[in-house]
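>>> Kindly generate the corresponding structure for this input.
(one chain, ligands or ions: 3)
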Amino acid sequence: MKESAVAPGAILEIKNLSVVYNHRTLGEVHALSNVSLDVRVGEALGIAGESGSGKSTLLKSILRLFGAGETAEVSGEILYRGRDIMKMRPEELLALRRGGIYMIFQHPYSAFNPVVKIGSQLDETIRLHGSRREAPDLLETCGLDGRIPDLFPHNLSGGQLQRLQFAMALASGARILLSDEPTTSLDAVSQIEIIELLKTLVEKESLTLLFVSHDLSLIKYLTSRAVVFYAGSLIEDSPCGELFKIPLHPYTDALIKCIPSPDRELGVIPGDPPDLSNPPDGCLFFPRCYLASDICRGDVPLMRTRHRVRCFHAGPFTEL
Ligand SMILES: Nc1ncnc2c1ncn2[C@@H]1O[C@H](COP(=O)(O)OP(=O)(O)OP(=O)(O)O)[C@@H](O)[C@H]1O
Ligand code: SF4
Ligand SMILES: [Mg+2]
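Ligands and ions are numbered 1, 2, ... in the order given. Alright, predicted model coming up:
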């Protein structure tokens, strides 16, 4: 069934996005199913969910950044400022990747040319985009030393390379940052510094952020609204203030209880997500859900409006 979600002021509108990978041995893998989502200008949106729930596939779909050897059938619409990215010609898509929307990679080393000095790479980006900002300003904004331009990418630490990705994004004039687990390859101190920098940049540079993380506490700290994915389906979408206080979907409730807290025992979600190469009928969370009833076994719950949640027996589960 087609659903739509359009909001005034949206910079990005995703409508009924489905992605099916064609895997050599597994066959068709239904990585995303009928996802509709809007992102407003200047919004910091968190994207949560267990491993394999489709978070990276969502970001890759937005810029069609599928890797070599990945065969993905993508359907639906992805509108950037009202223009459908799915219908863009290759040169328009390239311009979008180099300009409007910038992907911050989890492993930053792969984002740079290893044999070209950093200064040349940054200058090239500034020149290509006719940016009015100069390299020293961009480096300072991102907390980088002015001597870095003379170095090669392999001379920098993971944290410095991550900062450099942000400088490149600013040089490109990007308005949207897509950030997929940007701190998982960093040590604890660098992780905190990068999250602080990201927060500052989003606020001061008025950027729109899509932030993927396994770590719900980071999402709570950094973003104002969060969407939760389960097995390729968007199951809840809510301002963080509501989501963390009054989760409506039993899966979100269970995920939040997995955040370590001195006030309660650490939660566990029993069982495993379904096999996306052979998804079952009905609600995909059914076998793991403590609230499931007969209707959940055969029917797929639709997304409710307002506090968007996809569940027949949605909460609240937490006392108000
Ligand atoms: N190239 C591919 N071929 C086949 N299946 C794939 C491919 N890439 C991802 N998948 C499958 O698609 C589903 C979604 O994967 P995705 O990487 O988007 O999840 P994720 O939420 O980003 O997980 P993680 O938190 O582990 O990064 C998973 O079932 C995954 O195994
Ligand atoms: S629809 Fe049913 S099985 Fe699915 S999450 Fe809601 S209560 Fe649980
Ligand atoms: Mg991922």
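>>> Please report how far the one residue in the stretch 201-320 of the chain that gets nearest to ligand 1 lies from Leu32.
Using CB to the nearest ligand atom, the closest approach of the stretch 201-320 of the chain to ligand 1 is made by Leu276 at 4.5 Å. Every C-beta, even on glycine, is put in place using the N, C-alpha and C of the backbone. Distance of Leu276 to Leu32, computed by CB to CB, to the nearest Å: 10 Å.
>>> Show the subsequent helix or strand relative to the host helix or strand of Glu196.
Following DSSP states H and E, one finds Glu196 within helix 188-204. Remark: after helix 188-204, the chain's next helix or strand is strand 208-212, criterion DSSP H and E.
>>> And ligand 1, is that following strand touching that?
No. Using CB under 6 Å from any ligand atom, strand 208-212 stays clear of ligand 1, with a minimum separation of 6.8 Å.
>>> Okay, buried residues for the helix or strand following that strand please.
On the C-terminal side of strand 208-212, the closest following helix or strand by DSSP H and E is helix 216-222. Within helix 216-222, the residues scored as buried using 16 or more other CB atoms under 10 Å are 216, 218-220, 222.
>>> Same list, the residues you listed, but as CSV with distance to ligand 2 please.
As requested, those are exported to CSV (distance: CB to the nearest ligand atom, whole Å):
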residue, distance to ligand 2
Leu216, 18
Leu218, 25
Ile219, 20
Lys220, 22
Leu222, 27
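>>> ok, which of the residues you listed also contact ligand 1?
Counting by CB under 6 Å from any ligand atom, no member of the buried residues of helix 216-222 reaches ligand 1.
>>> And these, which two are furthest apart?
Maximum pairwise distance among those (CB to CB): 10.9 Å, between Leu216 and Leu222.
>>> just checking, what packs against the worst-scoring helix or strand of the chain on mean pLDDT?
Taking mean pLDDT, DSSP states H and E as the measure, the chain has helix 90-98 as its least confident helix or strand, at a mean of 88. Judged by 3 or more CB pairs under 8 Å, 6 or more residues apart in numbering; DSSP states H and E, the packing partners of helix 90-98 are helix 55-63, helix 118-129.
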